[in-house]
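A.B. asks: Below are the sequence and a predicted model; questions follow.
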Amino acid sequence: MSSPASRYTLRQSVALVWRTLRSMRTALVLLGLLALASAVGSLLPQIPNSPERVGAYLVDHPFWGQLFLRGGFFDVFGSWWFSLVTALLFVSLVACLIPRSRAMLRAIRQRPVQAKELEALPHHVAFEVAVPPEVAVERAQRVLRRRMYRVAAAPDGRGVAAEKGVLRETGSLTFHWAFLLLLIAVVIGKGTGYTGHATIVEGQTWTDAAFNYDGDLRTGRFSSGQHTGAGIHLIDFEDRFRTSGIPMDFASEVELLDANGNPVRRDEVRINHPVGFDGLRIFQYGFGWAPIVVVRGGGATLSDGPVVMVQDAGADGNQLAAPGEGFVKLPTLRPQYAISLELIPDSTAFIQSLISGVPQPMTQVRAPFMRYTLWQGRILDPSLNGLDTRLMHKVSTGIVGRGWTVDVEHGCVVSGTSGALPKGLARTVCPAGAPAPALTLSFPELRQYTRLQVSKDPTVPFVLGAAILILLGLVAAMYSSRRKVWVRAEAREEGTVLQVGGYALQRKDRFEEEFPKLVADLRAATGGGRREREREEAAAR
């Protein structure tokens, strides 16, 4: 049991905590904990980003899943302990940096201090010069200034104190303050901003609103939920490929509109060349095909518009060789219908793939066509997220070329041409006098779509500025070191004796090479070599 004298008072406890937080070692430990927590948040699925993966993990690993859930590891960046570590790290960094910054400012304002006993310094040289003490001191100041030293003359005018290397501490403090600014900017930017993906078909306009994103909108925890309302109109999409099918370049020519729908300017979004507009950062993310599909039945148009096709990489990993997949849902019909589609944009490459058995990339538009499957039954999900056919049965299959209109149930061509495809793929024309089809499918046009990543982060300029300051601070701290030099001129009977002394606080081995060069410059500037030569000549006579 501890005695009453050994117990800490509240003031002593607060002082102990404050001293601990002021330690750079504490800041490093907290930074390590923050990095470890960030790694855990990257390895484990997180509830704000992928709740379905978290649910699957809980089902597959019930013990560890419940343990991680209670510990907040499925929501690391929103857990109380992560916020506590972050707050303590900020407090520790500020507590460390404020005293160091004050000490650095005092050192900058303070003039170099004079030294009396130069003989006791690690580096010391004395030699005679040919000029009076005052002239020798003045010339020594010029030499030291040329070597980037801060100099201060002694009150009697016969000594000089010089030092350099304050940039080392300045660079170190710049690095740490910039790192603190970087952390704060990242927390604010990620906490108040958002990032999502926008799919835009040629000729269409997309508006920055929450419900217009592709379902993967990630918002910060402190986001207000408000969006800019800015518009992006896709004028044209261009791509270039190598003969192997590897993309060389792809770009989106867009027209940017303000929140009222008024055009502001045209721009081009390319890979590694994002566009900034109205606080948004627009990046080129992906692209694909979007055929215009028209479905009619009962004398009415049931569906008319582009269908975004998704290409999945096959067994060989060549995504461009795989057909695009999409679907059209008709939930208003009784019974309900859905049409699944497979797009072949380049029928020539498709035929070559069938003949050679080697998948060929389809990068050009050559006699495109689609294979379709008509499903009938209950549509479980009327949204465009996917097609669930568990309560549906297959009615018919067929193909439709660009410019065709087909009878979906019978698979024959109602209008258009059946000869636009390679031999073996063309279908039969519906016989004359046949009853009017109950459901028709038309493929009048093939367009492209672009997938853009749209982000809003108001602290991007601060992050960039902090990164630049971190780099500058590191360079200054790594390539500068502190040196102190003193020069003292004394008049004696035989003339003037100049004493030079100094030492280095860092890189002492380098200073051992620098000091003789400095002494040589001082000798040359004050005539020290000439004085010695005169004495040698006099002794010889």
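C.D. replies: On my side now, so go ahead. Numbers count the residues shown, from 1 in each chain.

A.B. asks: Going along the chain, name the helices of this structure.
C.D. replies: Secondary structure of the chain (DSSP state H): helices located at 10-21, 24-43, 51-60, 62-71, 80-109, 133-146, 166-192, 347-356, 460-478, 508-526, 528-540.

A.B. asks: so which of the ones you listed comes closest to Cys412?
C.D. replies: Nearest to Cys412, of all the helices of the chain, is helix 347-356, at 19.2 Å by Cβ to Cβ. Heads up, the C-betas are built off the backbone N, CA and C, glycines and all.

A.B. asks: elements contacting that closest one?
C.D. replies: Counting contacts by 3 or more Cβ pairs under 8 Å, 6 or more residues apart in numbering; DSSP states H and E, helix 347-356 packs against no other helix or strand.

A.B. asks: Could you pull out the buried residues of it?
C.D. replies: Ser347, Ala349, Phe350, Ile351, Ser353 (16 or more other Cβ atoms under 10 Å).

A.B. asks: Relative to Val307, which of the helices of the chain is closest?
C.D. replies: The nearest among the helices of the chain, by Cβ to Cβ, is helix 347-356 at 18.4 Å.

A.B. asks: follow-up on the earlier one: would you turn the helices of the chain into TSV with distance to Phe250?
C.D. replies: Output for the helices of the chain, formatted as TSV (distance: least, Cβ to Cβ, whole Å):
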stretch	distance to Phe250
helix 10-21	51
helix 24-43	29
helix 51-60	30
helix 62-71	40
helix 80-109	39
helix 133-146	56
helix 166-192	28
helix 347-356	18
helix 460-478	24
helix 508-526	52
helix 528-540	71
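
A.B. asks: Can you verify my assumption that Gln499 contacts His123?
C.D. replies: No - the pair Gln499 / His123 is not scored as a contact, 11.3 Å apart, by Cβ atoms under 8 Å.

A.B. asks: what about the stretch 101-250 of the chain, any weak spots by pLDDT?
C.D. replies: For the stretch 101-250 of the chain, the stretches flagged by pLDDT under 70 are 244-245.

A.B. asks: now with 80?
C.D. replies: The stretch 101-250 of the chain contains residues with pLDDT under 80 at 116, 215-216, 220-222, 242-248.

A.B. asks: From what I see, Ala477 and Gly171 are in contact.
C.D. replies: Yes - assessed by Cβ under 8 Å, Ala477 is found in contact with Gly171 at 3.7 Å.

A.B. asks: What separation is there between Ser442 and Arg366?
C.D. replies: Noted for Ser442: a distance of 20 Å to Arg366, by Cβ to Cβ, to the nearest Å.

A.B. asks: Neighbour count for these two, which is higher?
C.D. replies: Ser442 (21 against 14; other Cβ atoms under 10 Å).

A.B. asks: which residues touch the more buried one?
C.D. replies: By Cβ atoms under 8 Å, 6 or more residues apart in numbering, the contact list for Ser442 reads Val293, Val294, Val295, Arg296, Val400, Trp404, Thr405, Val406.

A.B. asks: circling back: quick one, which of the helices of the chain is nearest to Arg492?
C.D. replies: For Arg492, the closest of the helices of the chain is helix 133-146, at 9.8 Å, according to Cβ to Cβ.

A.B. asks: What is that closest one packed up against?
C.D. replies: strand 150-153, strand 159-164, strand 483-492, strand 495-504, helix 508-526.

A.B. asks: Dihedrals phi and psi, Ser50?
C.D. replies: Phi and psi for Ser50, reported as degrees, to the nearest 10, are phi -140, psi 80.

A.B. asks: Backbone dihedrals for the nearest residue to Lys456 once chain neighbours are set aside, please?
C.D. replies: Residue nearest to Lys456 in three dimensions, not counting chain neighbours: Gly193, with 4.8 Å by Cβ to Cβ, 6 or more residues apart in numbering. Per-residue torsions, Gly193: phi -100, psi -170 (degrees, to the nearest 10).

A.B. asks: How many neighbouring residues does Gly193 have?
C.D. replies: There are 21 residues near Gly193, going by other Cβ under 10 Å.

A.B. asks: show me what contacts it?
C.D. replies: Thr219, Gly220, Ser223, Ser455, Lys456, Asp457, Pro458, Thr459 are the contacts of Gly193 under Cβ under 8 Å, 6+ apart.

A.B. asks: just the buried members of those residues?
C.D. replies: Thr219, Gly220, Ser455, Lys456, Asp457, Thr459.

A.B. asks: give me the beta-bridge partners of Lys394?
C.D. replies: For Lys394, the beta-bridge partners under DSSP bridges are Trp375.

A.B. asks: hang on, the earlier thing: redo the contacts of Gly193 as TSV? Include distance to Arg390.
C.D. replies: Below are the contacts of Gly193 laid out as TSV (distance: Cβ to Cβ, whole Å):
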residue	distance to Arg390
Thr219	33
Gly220	37
Ser223	37
Ser455	37
Lys456	39
Asp457	42
Pro458	46
Thr459	47
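
A.B. asks: I'd like to know which of these is nearest to Val91.
C.D. replies: Closest to Val91, out of all of these and judged by Cβ to Cβ, is Thr459, at 20.5 Å.
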